[in-house]
Each structure stands twice: as structure tokens, then as C-alpha cells.
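Asker: return a 3D structure for these sequence lines:
(chains A and B, ligands or ions: 2)
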Amino acid sequence: MSQRKLFAHELEARLDDLLLLSLRQRSAKAPAAQLEALPRELQERVLHWAAVAAQTSDDLGWLIASLAAAQAADLGDEFDDWVRAGLDAYDRSGLAATRKALNDYAEACRSRAKHSAHGIAFAAIEGRLSHFLHALDGRPLKLATGPQAWTDSETLWLPERLDAMPDAAGNRGLYKAMAALLWAQTRFGSFNVDPEPELDLWPDREAALRWFAVFEAMRLEARLAAELPGLARDIADLRGPWPAALAADAAKLARPGATAADSLAALAGLREVGAGETPVFPHVGAIDPVAARRVRAARIVRDMAVLRRALNVMAATASKAGAADNPDHPPLAAEGGMQVPDPQADLLALPPAAREAAKSLMQDFGEIPPEALHAAGPGAWQPVDGADEPVTAGVTTQPDAFYDEWDYRRGSWRHGWCHLYEMEGPAGDREWVDEVRTRHAHLIRSIRRRFEALRGEDKPQKRQFDGEEIDLDAQVEARADRKSGGEPSPRLFVHRRRVERSLAVMFMVDMSGSTKGWVNDAERESLVLLCEAIEALGDRYAIYGFSGWTRTHCDIYRIKRFDDRYDAETRRRIAGIEARDYTRMGVAVRHLAGLLMRQNTRHKLLVTLSDGRPDDYGDEYRGRYGIEDTRRALLEAREKGIRSYCVTIDRHGADYLPQLYGPAHYSVIDDAKKLPRKIAEIYRKLTA
Amino acid sequence: MNLSRTPGPPDARADVSGFATPLVRHATEPYYHAIGDETGVFAAAAQSGLPVMLKGPTGCGKTRFVQHMAWRLQRPLVTVACHDDLTTADLVGRYLIIGDETVWMDGPLTAAVRAGAICYLDEIVEARKDTTVVIHPLTDARRALPVEKRGEYLEAPPDFMLVISYNPGYQSVLKEMKPSTRQRFVALDFDYPEATVEANIVAHEGGVDAATAQQLVKLGGLTRKLKGAGLDEGAGTRLLVHAAQLIAKGMAPAVACTAAIARPLADEPDTRDALDDLIRAVF
Ligand SMILES: Nc1ncnc2c1ncn2[C@@H]1O[C@H](COP(=O)(O)OP(=O)(O)O)[C@@H](O)[C@H]1O
Ligand SMILES: [Mg+2]
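Answerer: Ligands and ions are numbered 1, 2, ... in the order given. Modelled structure (predicted):
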């Protein structure tokens, strides 16, 4: 029963009728004008309830009608309850109370609506925050949600949703303020002192920690003000002034040299005079020094080991005069002088991983601790052959190939180290690809359109100054112009623009266990979109998956060879891509680069899709070794003329990527769900 | 900057001056703040007749450097912004039909060779592959330019110098420069200058005070950390100078930075928002 809404004059007549207004010399003109804006259904409900109320009292009917005209739009679904609340109030306390009850109800309703509309979910701001934090100095931080805001010095936890501020911008600002303050805790050393002795003196540890967090906020906001004044100003606006009773502390903690120890001193002072209720500030999160210091301690051990090993290598290299320098690492600062550079003074002299470690130590101590500067003992590398080899069932055949692997500690190859098996990818669900294509039909259409434009074809361009052919139209015109004494145009040729895309692309897809779930789905969906796009473009392309289980079982799955068509079989193999074992990347790069080299195209491109760092079971591939080997493999590919591009799905600061992908370009996608939309764009840019 | 133009080659009988290549002579010194030994290397290459390749991200002073060096060496400068429709004829020259006559018109490269100028091919990788081969004979011992359509073989005078620029950050495989081309050049690496130097440049070029320049450079540094994580490239010095110029005209710093830095860098909403946050944070 969809009817047109009633116009003001009709509403006026109906109200007049049912409230008998003309008898009382009231006019329904004003409420009728307001009601006109409402949908018919709501208009009818207002008229209905006004009539009901009028049965009790004409005045009540009039009150309901006139208030409803003003407020019905805000009340929405709650309109009926609102009227009932009014009728109820009338029964109990008369007309004046009814007016108040109705107004209060509507007000509460409005503020509820406003709040839920203005709350901000973490998910809605995560990308923005993580980019923001990424740009700031210091160690990379992960973002996660938790019941309260706090950090263990490597991950920032923030609430799932913020609703404390009256509008959306305010809630976004609150998220930013919380995150910035937690970042500042890790950046400016909140966990570099041991608070336990002081905390032990407090009867209520929780209260002490709350105060500590407040004092730290005072100190850290001052540090922020020096580096990022705009941010500090936003935070100050958000929290208002510090309580007058704490002004002296705030001033002391704002001094440039203040450290977390000064916050502890303030805490001690407070304990002596007796602490009152902790003031609450919306942006100040919780502080958990025990958890944070545990994480910090583990990190220090790690960073020290990395730094000392690097110093070791540098000492050794520096003593070998004239050793070929590695072009990928900055030159040693001490090349002539043959001494190990002082990382305190010259971070740039360190290789990237050690540089990160040194910076991290500076963050944790305020300087690099002297004990980190002693080189570690001789390289700790021990062969582990046979020690931990898993027994995999089913593989009895000879490997298809053996590949060398780079051992950065030895600075040499391990020959024939990796056993590679190449096999056909298993077929997956027949319907899956069709389902993806339907779901993304719109996206696919727009990608194809854009890619077709990229193909360019042989576009004849008319009216050129010069070209392969004569532009007849232009010639005729010019002749005519000349005959008639006009000035003929000199643009008389057709120029054919030849666009040759002599390009072969290899997609190397991570099928390691860590991709299980979202990442795997995203990889598969992305491949579907890519295939659709590249088919429109006509480039040669192949898709291979890789996974494995130690160096003796490196598996490569054929999904689409260069000569395979994008047909039903291929689609099923794409659907069949699944999360398997580990990520031994170097050997996969070498094998697939070899296949790519057989392509007779001018340009060759290797695109890797993975979810993070190389890793393998039980052996040393997990850490630096795998990173160095992969990097080496990419470098070899590059030397053969293959360009690599690495797409990494990693929502958390991927600090090792520059090191890993040294010779290749890469991009990081912080959310697997974004991959399918982005991948085509990446490909387009790569090959434009 | 004071510029004067000298007309193109002598053999244009009909009026084709509209098509003539501008030979730019800088009358006053183009401001350039040297970062390392690039001026020395460039001058030595110029004396030895070697071509030079400037590598580096966009907006870090390559073009300005060439202008400065042209002024120092007292040679005219011809600049060609390369693009993917640039043909050999666009560089070398072509016949135009003017009225009933055919008139030869030198392209910028030919004009530069004749005049003993510095020819700067900006963003060379943007040009079509078949176009870039014409520079080969100019980049080796021959130092010559065959003008096939005219049957002419132009030997370059000693003052002619070829300079190309190239941004290794480019992501397209199709735009990689071939080793056979790269290896013909003396290469100079350009990068964003160190913070205090960059602040001086921004203050000088943008007409803002030192404090504002430092804030802009701080912001630039933050955006550069987003390379590979939301941005293809961070803000170059050029963008910082643009923001400074808007500020010098009286715009609020945040508004100026949004317009001159954030918007040109990013379309993606998360990245845009994060850039806005960074701008707010710095000012
Ligand atoms: N070293 C420098 N000295 C002077 N100005 C510089 C320098 N580096 C950058 N600039 C400024 O940055 C702007 C952009 O530089 P430009 O030479 O056009 O960059 P590129 O050619 O590398 O893309 C210049 O107009 C100038 O204002
Ligand atoms: Mg330029």
C-alpha cells in the first residue's frame, strides 16, 4: 500500500477533523506543515495516535499531534513507544508531565542515534593508523585489538570500537591519540627503567600503574610536542588541561631530558603525600611493564646477537685489505683504517639488518650498550645434515632437479642442496572460479576495459607532421585550401603507433601453511582476476605454486604453464591451490626463473605472491639464512635480465622486506582482502 | 631566472619559427646546492665529451642541476621531456610542407648538436625504445648524429653534451633501461638531500622561514618512509618547494601541504588519510 504522502492542507483538514480544533479556535497549520515532510506511513501513524490520545483528552491529542510533528522524524522506529510513554505519563501525572516525558524521551533517542552513528570501529581506521605509525620513527609496530589500549613494545592494542567522543572525527582523533601515546612509550623509553621497586611500595599496584601511565603521558606528550607539535596540540585539546594539582609534575616531566625514571620519581613523591583518586584521561591507556619488559629482554638478546655477528663479519672483512666490496651494502666506513666502525657514531656503515638491530638497541637503552660492541665468537654454524630430516611418505621418485643454495655465513654455495620436484597442481572445485567471476563481475569488467586500453593496438594517428602514410583527407583539404588562397595545414601524414608488448610473466604463488585461510583465498581470487585481465592484454603468462618441507622436498606445482590456456582445467587448478607446508623461497625463484628464461620475449617478469618471510622446517632457513638466499636468487634472476616484483601480504610492519627484496621492487598489502582489487592495478603499473 | 633564446637553424626559408627548438641560455646562475662531487664529475665529463646519466627519484634536483651546469659551462641548454609518443623525428627533425614548399625543421637533438649545446633528455625511459637508439652514435667515440632523411652525418662539436635522466624507482618492466644503453653513460646518483641541506633549499626556493622549511622537510621524511607501504615514492624536494610556495602566498601550512604534497602523492583512501594525519602532526 504505497501511497503518495499527504500535503499540508490535507493534513490540516484531517487534524482539524479528529481534534475538533475549529471549535477550540486552534489552527493545525503549523503541525500540518511539519508533518508534510514525513513519509505517508509515518503521517498515518501520527494521525492514528493523535486520534487515540484525543479519546482521552482533546488537549492530550493536540499535544501528541504537535510534538509528533516536530519529533517523529527523529524517533523512527521508536515513535509508537514514545507515544505510549506519553500516554502513560498523562495517566500518572497530567499534561505538564506528559510534555516533559515526551521531550526527554525524544532527546534520549536523538543522542543515542548520534552516538552509534559517530562511533568508530578499529577496522575502519586500522589502515590509516598503520600507515601513520609506519611513517613515524622507530621500530615497526603491529596493530591489534584488545579490551584496553596498551603496548608490549612491539604490538599496540587498541579497543575494538571507540564511542567516547560526540562525533566521528573526535573518535578518530581519540584512536590516533591513543596510538601515538603508545608509540611514544616504545619510542621514548617507557620500559627502559624497572618500576618494580617503586611499585612494591604501593598497597594498590593497579592504582600505582594508573598513576605511572598518567605521569608517562605528561612526559611523552612533551616529547611529542617537540617532534610533532600538531599531534601534541590535538592530544592536548582532546584531554583538556592537566589537573591543577599535578601542574608541577607536568612541568617537571615536560623538561627535554626527562626519562621514565623521572615519572617513577613523581610516583614516589605522590606516594609520600598520599595519592587520591587517579584522574581519568580518555587517551591514556594501560601500562604493563612486566609484559613489556619481558618482550624487551627477548628483543635485546636478538638484537645483540645480530649486531655482534655483523661486527664480527665486518672486522674480518676489514682486515682482508682490498676485499671486493659488496655493492648492495654500504661501504665500510673504516675501509682504509681497517678498524671496525663505531655503530654509535656511524650506523650507516652497518649492513641493513644490523643497522635495524642497532637502532632498536638504541631505542631500548638510549644508546648502544658497550657489551653489544664486542664481536661474537667465531661463526656458530654447525652442519645439521641428517639430524632432523623428516620422513615424508610417498616421495620415492628421483627429484626433477637439484639446485644450489646460498649460505651467507660461509659466503659460498651449498651445491645441489635443494631437491626439487615439479608436479601438476591438483584440481579443485569446478564451480569455484565461476563463483569468483560472478562475484567480481563488475570489477573484472572494469579491469578488462582498462587493460584493453593498455594494449593500444596499432592506432593510426591522423594529421601528423610526418608518418608512414599520407593522410588523404588532410591532403585533399590542403590542396583545397591552397587553391582558395588559404594557408594549408602542414599536418598531412598518418603515423602508425606500434605497441609491442614482448613480455612473459611468471606468477609464483606461496602455498605455504601460513597462507591458510584468508591469504590463500585472496591469492586464488587474485589469480582469477589477473587471468581475466591478462587475457585481455594478450601477454604470455604462467602460474606456479611453491611449498615444501626441508631442502629435500621442495615442491613446485604447475597451475598454468606458458602454453596452457586459461581454460576449465587451469581454472580448476587455480581453485585447487591450497595452503601446504613451508616457504623455501630461493629454490622456487631459481627454478621458475629458469622456466621464464626459456621464453622468447624481450621482457621477463617474475611476480611473487607471498605472505611473508621465507621459512622452512627444522633448519636454518627460517632466519637470516633464508632471507639472504632468497635475495641472492632474486639477484641472479636480475642478472639474467628478469625483473622481479614481490607482493607481500602482511598486515604488520614488514621490516625485513627491503633486505629480502633488495634487488626487486615490492609492495606490501596490509590486508589480504584488498589483494584481489590491488593486484590488477599493480600488474598494470608494472607493465604500462 | 633570466632566459634568452637564440633562433633555430639557418635554413628555414618559410616561417617555421613556431617549431624551432628553444636554446636556453641562463643569464643568471640557477640556484643549485651541491650535495657531493656531482659538479666536478659533470664538468670533467663535459670536458672529456662523455655523456652523463642522472639517476634518482623525481623532484630531487636533477633538472635544476643540469640548468646550473649549463650556466657554469656557458653552454646553451636544450631540454626534451620524453614521453611514450616521442618519435625519432621528434628528436632529429622532419620535413614540413609549408605552402608548396617542403621545409626541413631540425628537432631538438639536431639543434643541440649544431649549436654545441647540452641536450637534456628528461625521463628517457618514457620514450619509445626505437626512439632511444638514435642517441647511440652520439654516446660513443663517434659522437655523431646521422640525419637520415637529409642524408646528413653531423659530427658533434666538442661543446655538445648529452645528458639523460632516469628514475630507477619506476616499476614498469617495459621501462627498464637496457644495459647496452646504460653502459654508455657516466652516471651520477641523486637522492633527497640531507635534512638541513634540504631545509635550506626549501627555504630558498619556497620563500619561507627556516622553521617552516624544517617542518616541511620533516614531513617529507615521514612520507618517504611510506615508500612501498602505500606510496610508490615519497615526496620529493619539488613537492616540498611547492608547499612552501603556497605557504609563502599566505596559505595555512596544513592546507598547502594537503594540496601540494598529500593529494599529488596518493589516491588510496587509507594512505590519503594517513598523509593528512602526518600533516596535522607536523604543524
Ligand atoms: N640540490 C638542489 N639545489 C637547489 N634546488 C633543488 C635541489 N634539489 C631540489 N631542488 C628544488 O627542487 C625542485 C625540483 O627539482 P628538479 O630539478 O625539477 O627535480 P628532478 O629533475 O630531479 O625531478 C627544483 O625546482 C628546486 O626548487
Ligand atoms: Mg625533472
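Asker: my guess is residue A:491 meets residue A:461, correct?
Answerer: No. Using Cβ atoms under 8 Å, residue A:491 is not in contact with residue A:461, being 10.2 Å away. Just so you know, the C-beta spots here come from the backbone N, C-alpha and C atoms, and that holds for glycine as well.
Asker: more neighbours, the two?
Answerer: residue A:491 (17 against 13; other Cβ atoms under 10 Å in any protein chain shown).
Asker: helix, strand or coil for the more buried one?
Answerer: coil (DSSP: H, G, I helix; E, B strand; the rest coil).
Asker: how about it, what does it touch?
Answerer: A:463, A:464, A:465, A:471, A:474 (Cβ atoms under 8 Å, 6 or more residues apart in numbering or on different chains).
Asker: tell me how far it lies from residue B:87.
Answerer: According to Cβ to Cβ, to the nearest Å, residue A:491 and residue B:87 sit 14 Å apart.
Asker: ditto for residue B:238
Answerer: With Cβ to Cβ as the criterion, residue B:238 and residue B:87 are 28 Å apart.
Asker: equivalent analysis for residue B:32, please.
Answerer: On the measure of Cβ to Cβ, residue B:32 and residue B:87 end up 32 Å apart.
Asker: strands of the stretch 201-350 of chain A, start to end?
Answerer: Taking DSSP state E, counting those that start in this stretch as the criterion, the stretch 201-350 of chain A contains no strands.
Asker: quick one: low-confidence ranges for it?
Answerer: A:313-349 (pLDDT under 70).
Asker: could you do the stretch 501-650 of chain A as well?
Answerer: Short version for the stretch 501-650 of chain A, where the test is pLDDT under 70: A:618-619.
Asker: from it, which residue is nearest to ligand 1?
Answerer: residue A:643 (22.9 Å; Cβ to the nearest ligand atom).
Asker: and that residue, how many neighbours?
Answerer: 23.
Asker: so residue A:605 sits against residue A:501, correct?
Answerer: No. Under the contact definition of Cβ under 8 Å, residue A:605 does not touch residue A:501, with a separation of 11.1 Å.
Asker: of these two, give the one with the bigger neighbour count.
Answerer: residue A:605 (24 against 16).
Asker: doesn't the more buried one belong to a strand?
Answerer: Yes. The assignment for residue A:605 (three-state DSSP) places it in a strand.
Asker: which residues touch it?
Answerer: A:503, A:504, A:505, A:506, A:642, A:643, A:644, A:645, A:686, A:687, B:173.
Asker: one more time with 10 Å, if that's ok
Answerer: For residue A:605, the contact set (Cβ atoms under 10 Å, 6 or more residues apart in numbering or on different chains) comprises A:503-507, A:539, A:541, A:596, A:642-645, A:683, A:686-687, B:172-174, B:176.
Asker: beta partners for it?
Answerer: residue A:505, residue A:643 (DSSP bridges).
Asker: so which residues of the stretch 101-250 of chain B form strands?
Answerer: B:101-106, B:118-122, B:144-147, B:152-155, B:161-166, B:186-189.
Asker: so which of the contacts of residue A:491 belong to helices?
Answerer: Residues of the contacts of residue A:491 located in helices (DSSP state H): residue A:474.
Asker: out of the contacts of residue A:491, which comes closest to chain B?
Answerer: residue A:465 (5.6 Å; Cβ to the nearest Cβ).
Asker: is stretch A:473-488 in proximity to chain B?
Answerer: Yes. Applying Cβ under 10 Å from any Cβ of the partner chain, one finds stretch A:473-488 in contact with chain B at A:475, A:478, A:481, A:482, A:487, A:488.
Asker: residues contacting the last one?
Answerer: If I follow you right, that is residue A:488. A:474, A:475, A:477, A:478, A:479, A:480, A:481, A:482, B:97, B:98, B:99, B:100.
Asker: picking up where we left off before, residue B:238 and residue B:87: who's more crowded?
Answerer: Taking other Cβ under 10 Å, residue B:238 and residue B:87 do not tie; residue B:87 has more neighbours (20 against 17).
Asker: surely that one and residue B:127 touch.
Answerer: Yes. Residue B:87 is in contact with residue B:127 according to Cβ atoms under 10 Å; the separation is 9.0 Å.
Asker: just checking, residue A:42 touches residue A:73?
Answerer: Yes. Assessed by Cβ under 10 Å, residue A:42 is found in contact with residue A:73 at 7.8 Å.
Asker: anything in contact with each of these two?
Answerer: A:35, A:79.
Asker: the biggest helix by length in chain A packs against which elements?
Answerer: Criterion DSSP H: the longest helix present in chain A is helix A:79-118. Counting contacts by 3 or more Cβ pairs under 10 Å, 6 or more residues apart in numbering or on different chains; DSSP states H and E, helix A:79-118 packs against helix A:40-56, helix A:58-75, helix A:168-187.
Asker: give me whichever of the ones you listed is most buried.
Answerer: helix A:168-187 (a mean of 23; mean count of other Cβ atoms under 10 Å in any protein chain shown).
Asker: just the helices in the stretch 151-283 of chain B please.
Answerer: For the stretch 151-283 of chain B, the helices defined by DSSP state H, counting those that start in this stretch cover B:179-182, B:195-206, B:210-224, B:237-248, B:253-257, B:263-265, B:269-282.
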